[in-house]
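Student: Here is a sequence together with a model predicted from it:
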Amino acid sequence: MKAIISIVLMLAAFTPAHAEHHEKGDKVAIEAAVLDYFHGQGEASAERLNRAFAGDHATMVGVMKNDDGEEMVRSWKDMNEVIANWSSNDNPPGGARDGEILDMHIVDGRIATVLFRSTDRFYDALTLAKVNGQWKIIAKGFVRQ
């Protein structure tokens, strides 16, 4: 009985450190995906953008102003089209733009939310999922600052 209790206690002591190690690795991978999106857009890099997004299935929704200056919600259901548009920019803003992760939450090691400040123009709410061991953006919502 003492042996069983010892094993249970050792496993209990190991699990939080093990989980913490995985979460740290997930945070690094999530940050890399978010920065691939941000810098990929700034550099007009299809490679980085495709690394960041699950393009065939990701969506984007944003609050924008229409021609009359009124706010409206607009959605893009095909991120491949958006990525093609971003990567075809002949005069991209470059990689020296200012952006930062404001908040990150990981749930069950498989889904995460990230709030991101993109330069002085947008706030993004990104949803990422772990797909075949890689973190991919599956949804992006944004508002203008």
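Tutor: Okay, I see it.

Student: what's Glu43 in contact with, if anything?
Tutor: Applying CB atoms under 8 Å, 6 or more residues apart in numbering to Glu43 gives the contacts 92, 94-95. (C-beta placed from N, C-alpha, C; glycine too.)

Student: what about Thr59, how many neighbours?
Tutor: For Thr59, the neighbour count with other CB atoms under 10 Å is 18.

Student: Might one say that it is in contact with Met79?
Tutor: Yes - between Thr59 and Met79 there is a contact at 6.8 Å, judged by CB atoms under 8 Å.

Student: What strand or helix carries Pro92?
Tutor: Taking DSSP states H and E as the definition, one finds Pro92 inside no helix or strand.

Student: which residues does it contact?
Tutor: For Pro92, the contact set (CB under 8 Å, 6+ apart) comprises 41-44.

Student: still on that earlier bit, pick the one among the contacts of Glu43 closest to Gly69.
Tutor: Closest approach to Gly69 among the contacts of Glu43 (CB to CB): Pro92, at 27.4 Å.

Student: give the contact list for Asp26.
Tutor: Taking CB under 8 Å, 6+ apart, we find Asp26 in contact with 106, 109, 112, 130, 135.
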